[in-house]
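1. Okay, predicted coordinates and the sequence, questions at the end:
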Amino acid sequence: MFAISLGDDGAELRPLEPWQAEEFLAHMDRGREYIGKYIAFPDKSTDLESSRACLQSYADKAAADTGRIWGIWLGGSGGRGGTLVGGVLFRTMDAPQGTAEAGCWLEPSAVGKGLITRAARVVIDWAIEERGFHRVEWLVSDENAASIAVARRLGMTKEGTLRESYLYRGRRSSMEVWSVLAHEWRAARDG
């Protein structure tokens, strides 16, 4: 297995795969209310079987080249050990069009450490430089100030708001659309 260091604090980015369903479920249990405030992972991962199915759906997306998922671990080393505390993903990827929608989640114990920004930089850079993608999008509830702050730190541009477009837990939320284009990403990274 591979691991990418996210800095001097021992944080690592690693693939998140179906065989890690038990660890993923424990992580969801630790952060269920916090994570579930804006995204459905906790609702889709309520037991071992549903957690494995959730991760399998991303393994299937990876095989079809239509999505990817990575976990963020703290306290491990070289791809081993540590505690899964969050992750980043490409919820969708359209390689022929060169577009992807990035997303993230984090449990409360890991908030405020810059983990999501660091991990998102790695996967966005991979999409643009390794895969040749032209556009990475970030859709976020207009009430999710932390995720909006990440989009800003990543140098993304707010393109607009999809008013009351997301029905979640019986309530409609408006979703902001943020994005970065390949030439903007390179200019910000290299400048």
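-> On my side now, so go ahead.
2. residue ranges of the strands in this protein, please?
-> 4-5, 12-15, 68-74, 83-94, 99-106, 135-141, 157-168, 171-181 (DSSP state E).
3. what residue ranges in this protein are flagged as low confidence?
-> 1, 77-79 (pLDDT under 70).
4. tell me, what residue is most central in it?
-> For the chain, the residue nearest the mean C-alpha position is residue 88 (2.1 Å; C-alpha atoms, centre = their mean).
5. Could you pull up the contacting residues of that residue?
-> Contact analysis of residue 88 by C-beta atoms under 8 Å, 6 or more residues apart in numbering lists 13, 69-70, 72, 102-104, 116, 119-120, 122-123. C-beta here means a position set from N, CA and C on the backbone, and glycine is covered the same way.
6. Return the members of these classed as buried.
-> Those of the contacts of residue 88 that meet the buried threshold are 13, 69-70, 72, 102-104, 116, 119-120, 123, by 16 or more other C-beta atoms under 10 Å.
7. Enumerate the positions of stretch 167-183 that are buried.
-> Buried-residue list, stretch 167-183, by 16+ other C-beta under 10 Å: 173, 175-182.
8. Save the buried ones among the contacts of residue 88 as CSV, and put in distance to residue 20 too.
-> Output for the buried ones among the contacts of residue 88, formatted as CSV (distance: C-beta to C-beta, whole Å):
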residue, distance to residue 20
13, 14
69, 10
70, 11
72, 13
102, 21
103, 18
104, 18
116, 19
119, 16
120, 20
123, 18
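9. With respect to residue 136, which of those is nearest?
-> Nearest to residue 136 among the buried ones among the contacts of residue 88 is residue 102, at 5.5 Å by C-beta to C-beta.
10. What's the separation between the closest one and residue 125?
-> According to C-beta to C-beta, to the nearest Å, residue 102 and residue 125 sit 11 Å apart.
11. same question, residue 105
-> 20 Å.
12. out of those two, which sits in the busier spot?
-> Neighbours were counted for residue 105 and for residue 125 using other C-beta atoms under 10 Å; residue 105 has more, 23 against 14.
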